[in-house]
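Student: structure of the sequence below:
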Amino acid sequence: MESRRLRAARACLDMGLRGERTSRHSFGVVESQHADGRAGIHAALVRRLIAAQFPQWTDLPVTPVEVDGNDNRTYRLGEEMSVRLPTAEGYTPAVGKEHEWLPVLAPSLPVPIPEPLAIGVPGEGYPFGWAVRRWLDGDTARLDLIDDLREFATSVGEFVVALQGIDPTGGPLAGKHSAYRGASLEHYDDETRHCLALLDGHIDTERASAVWEAALSANWQGTPVWFHGDLAIGNLLVGDGRLAAVIDFGTSGVGDPSCDLVIAWTMFSGESREAFRKTVDQDAGTWARARGWALWKAMLVMSRDPDANDEQTVGHRRVIDEVLSDHDRIS
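Tutor: Okay, the predicted model is just below:
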């Protein structure tokens, strides 16, 4: 079992996995803190939208959340609600999708997920639809907040299994709305090969290429199942040292579930990784594709500045090293 001190040290190392949510490419990261007003969205605008469209909540305070994502701006509305506003048009399909499907998924899941309450429409100079949700208690996951990382990994695995067990009939098939999570890795093949070229001399590109080729070769032919799409440390809430909730289903859909296994390398290691692996009980091909997803994301971030040695780069380099080692061990 990992001690709190060891987990805290890993948390510092993994700062590269936090605060780097720059686009729908985000994967295995935690949302960063932003000043109010980002993307032209601020508390005053939210108050005007509420007053105009939901006057019954006009008197409730509107407060920016401490940890915020890039795809959406989130505000606490009173004590019991939150307001979620897309920052760009590309993120708007999630509003209707989540409003329709979160209530369908929630009863079958072992921990709470966001509960939709209302959908707002463009107004007050804001051009997109937006959502009101019930507030979920809990802290954004940090390794030092978790009592037993192996138990936590098992809980996350149980969430994955429960999600996959929900009837996918009529669910949104993987595609553009899910940033192609749940679809074929071929969508990111050109980008990945470009990253391999940029990182030559910075990582073991020969071994990385082998991981990527293995991922592409493990073509998914299973029955579509529900996936979260961004099952990352920043989308897990912790309460009393345990998994308390899972948030941000913006890239969720129905398709290949391998993308939901990336957390095995971005958050877990050693005993906790094995506990997660055992709980989700996926076949070798699914794990091969999961390594491909993890490798693609980590290389994408590293390739922006291959010579950087900041905490973020160190974190993604660790993910690459562990993915390569995992591939070598299984191969």
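
Student: for stretch 308-317, the distance to its chain's centre please.
Tutor: Its chain's C-alpha centre and that of stretch 308-317 lie 19 Å apart, by CA atoms, centre = their mean, to the nearest Å.

Student: going forward can the numbers begin at 27, since that is how I track them
Tutor: Yes, from this point I'll number from 27; that puts the last item at stretch 334-343.

Student: could I get the buried residue list for it?
Tutor: Ala334, Glu337, Gln338, Thr339, Val340, Gly341, His342, Arg343 (16 or more other CB atoms under 10 Å). C-beta coordinates here come from the backbone N, C-alpha and C atoms, glycine included.

Student: and for stretch 343-357?
Tutor: Residues of stretch 343-357 classed as buried by neighbour count (16+ other CB under 10 Å): Arg343, Arg344, Val345, Ile346, Glu348, Val349, Leu350, Asp352, His353.

Student: tell me the SS of the fourth one?
Tutor: This means Ile346. At Ile346, secondary structure determined by DSSP: H, G, I helix; E, B strand; the rest coil is helix.

Student: Leu263: what secondary structure?
Tutor: Once three-state DSSP is applied, Leu263 turns out strand.

Student: what pLDDT does it get?
Tutor: As predicted, Leu263 sits at a pLDDT of 97.

Student: if we can go back for a sec, save the buried residues of stretch 334-343 as CSV, and put in secondary structure, distance to Gly116 and pLDDT too.
Tutor: Output for the buried residues of stretch 334-343, formatted as CSV (DSSP: H, G, I helix; E, B strand; the rest coil; distance: CB to CB, whole Å; pLDDT from 0 to 100):
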residue, secondary structure, distance to Gly116, pLDDT
Ala334, coil, 27, 89
Glu337, helix, 28, 87
Gln338, helix, 23, 86
Thr339, helix, 26, 89
Val340, helix, 30, 92
Gly341, helix, 26, 93
His342, helix, 24, 94
Arg343, helix, 29, 95
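
Student: for the residue most central in space within the chain, give me phi and psi.
Tutor: The residue lying closest to the centre of the chain (CA atoms, centre = their mean) is Asp256, at 2.6 Å. Note on Asp256: its backbone torsions stand at phi -150, psi 50 [degrees, to the nearest 10].

Student: equivalent analysis for Val158, please.
Tutor: In terms of degrees, to the nearest 10, the main-chain angles of Val158 are phi -110, psi 130.

Student: could you double-check that it lies in contact with Val109?
Tutor: Yes: in this structure Val158 lies within contact range of Val109 using CB atoms under 8 Å: 5.6 Å.

Student: can you tell me the closest non-neighbouring residue to Thr305?
Tutor: Residue nearest to Thr305 in three dimensions, not counting chain neighbours: Gly183, with 2.9 Å by CB to CB, 6 or more residues apart in numbering.

Student: who's in contact with Arg317?
Tutor: Val237, Ala240, Ala241, Trp291, Val349, Asp352, His353 (CB atoms under 8 Å, 6 or more residues apart in numbering).

Student: element containing the closest residue to it other than its chain neighbours, please.
Tutor: Excluding the flanking residues, the one nearest Arg317 by CB to CB, 6+ apart is Val349, at 5.0 Å. When secondary structure is defined by DSSP states H and E, Val349 falls within helix 337-356.

Student: where does the stretch 177-326 of the chain dip in pLDDT?
Tutor: For the stretch 177-326 of the chain, no stretch is flagged by pLDDT under 70.

Student: start to end distance for stretch 92-102?
Tutor: Across its full length, stretch 92-102 reaches 10 Å between end residues, using CA to CA, to the nearest Å.

Student: ok now it, how far from the chain's centre?
Tutor: Distance, centroid of stretch 92-102 to centroid of chain: 14 Å (CA atoms, centre = their mean).

Student: show me where the chain has helices.
Tutor: 30-39, 69-79, 119-131, 175-190, 215-224, 231-243, 289-292, 296-306, 310-328, 337-356 (DSSP state H).

Student: just name the most buried of those helices.
Tutor: Looking across those with neighbours counted as mean count of other CB atoms under 10 Å, the highest average goes to helix 289-292: a mean of 26.

Student: contact partners for Arg73?
Tutor: Thr84, Val88.

Student: who's in contact with the residue nearest to Thr305?
Tutor: Counting by CB under 8 Å, 6+ apart, the residues that Gly183 touches are Ala301, Phe302, Arg303, Lys304, Thr305, Val306.

Student: now swap in Gly265 and tell me
Tutor: Neighbouring residues of Gly265 by CB under 8 Å, 6+ apart: Asp163, Gly164, Asp165, Ala271.

Student: show me which pair in those is furthest apart.
Tutor: Within the contacts of Gly265, Asp165 and Ala271 form the most distant pair, 10.3 Å apart (CB to CB).

Student: those two: who's more crowded?
Tutor: The residue with more neighbours, out of Asp165 and Ala271, is Ala271; 18 against 13, by other CB atoms under 10 Å.
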